[in-house]
Structures are given as C-alpha cells and as structure tokens.
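Undergrad: Provided below for reference: sequence and predicted model.
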Amino acid sequence: MGQELPSVFLVGPMGAGKTTIGKLLAKQLGRTFVDSDWYIESQTGADIAWIFAKEGEVGFRERETRAIDELTQNSQIVLATGGGAVMCAENREFLKQRGIVVYLNAPVDVQLARTSKDKSRPLLQQPNPRKILQDLYSTRDPLYRQVAHIIMPTGHTYPRHMVNQLMQQLESFVDCTTDSSAHQED
C-alpha cells in the first residue's frame, strides 16, 4: 500500500498524539516522519517558545506557513503539524490538496493530561490552561474537520493499536478514491 498512498498529514490540538502516532505510522509505512515545529526550529536555530517571545504569534505563523508549504510538497512523508496550523486558510489548502489529512481529535481532558507538565508550549503558560485548551478546541475543531479526509478520536487506546486502525482507514480511503477515479474514466 505504501507507494500509491500520498503523503499523510496529521492535524489536531496539542496533546492529541500527532508526533507519537506520526512516528509509528511513518515507521510502518517506511517513510520519513517530519514534525513541522521541529522543522521550523531546525531552520531557525531557535525553539518555538523563543520565536513566540521574539516575533509573537504572527511571526511564528508566517514561519509555519512557509514550512507547511515546503513540507507538503514532499511526497511519501508523514507530517505532524502544529496545533494552530489550520488557522491559516493557505495552510489548510496546502494540506488538503497535497496529501491525506488525518484529524487526531483529542478531548480537552486528554489534552490537559498530556500537556500539563510541558513547559515548551507557549500558549499554555497561563493560570488556567484548561480554559485555554477549551477555547482553542472550540475555535479550531471546525477547521480541523474542514480540512480532514479522516477523523480519528484519540486518548482511548494504545498508540500502536491506533496506528493499526489508521492504516485500515488509509487503505479504505485510497481504495475509495481509486474506485471513484476509475469510475470517472469510464
């Protein structure tokens, strides 16, 4: 299945498991895994928190759009995007048009449990991280859904099991798109 499968792009909130699932999926598919935040850090030589502090969210989002444009042009990769990548219409277009987008949908409680001790997330360094996560989820969930080809709930099973479920969904998705394009040619 690996060769005919386009690149796979993972979207979802922080703490949804995009990096964990992405690494496992890439290994199973024999592909390169890229995390867009890590890519931005490697290109700038600075971590995300520093970029936010120096350039603000607007500066970071400009860097993120350039990175997503570059990365989504690669074939045969598995890409984990930052939680806010979908806020930019241009990013949503790059993702939707250039690969299969998988929305890892994590409830706020799961996000909070997974991010509570992580000091590298600038948006959560506030007195009430639950409210921040809830507000972000309310704003971004419709955008994740808009861009997604596949929606997978997270936080209910082990990562390896989830990757197996995702592999089945990707196979079904590819089969459906192959069938529909074959019917269009008839």
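TA: On my side now, so go ahead. Since this is a predicted model, take the numbers as computed values, not measurements.

Undergrad: Only C-alpha atoms from now on, for both contacts and neighbour counts.
TA: OK.

Undergrad: contacting residues for residue 136?
TA: With contact set as Cα atoms under 8 Å, 6 or more residues apart in numbering, residue 136 has these partners: residue 13.

Undergrad: State the distance from it to residue 89.
TA: 16 Å (Cα to Cα, to the nearest Å).

Undergrad: Kindly report the same for residue 125.
TA: Counting by Cα to Cα, the gap from residue 125 to residue 89 is 26 Å.

Undergrad: Same check on residue 177?
TA: In terms of Cα to Cα, residue 177 sits 24 Å off from residue 89.

Undergrad: in the protein, which spans are helices?
TA: Using DSSP state H, the helices found in the chain span residues 18-29, 36-44, 48-72, 89-98, 108-115, 129-147, 159-185.

Undergrad: With distance to residue 153 and mean pLDDT as added columns, please give these in JSON lines.
TA: Converted to JSON lines, these look like this (distance: least, Cα to Cα, whole Å; pLDDT from 0 to 100):
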{"stretch": "helix 18-29", "distance to residue 153": "12", "mean pLDDT": "96"}
{"stretch": "helix 36-44", "distance to residue 153": "21", "mean pLDDT": "95"}
{"stretch": "helix 48-72", "distance to residue 153": "24", "mean pLDDT": "94"}
{"stretch": "helix 89-98", "distance to residue 153": "19", "mean pLDDT": "98"}
{"stretch": "helix 108-115", "distance to residue 153": "11", "mean pLDDT": "86"}
{"stretch": "helix 129-147", "distance to residue 153": "12", "mean pLDDT": "93"}
{"stretch": "helix 159-185", "distance to residue 153": "9", "mean pLDDT": "81"}
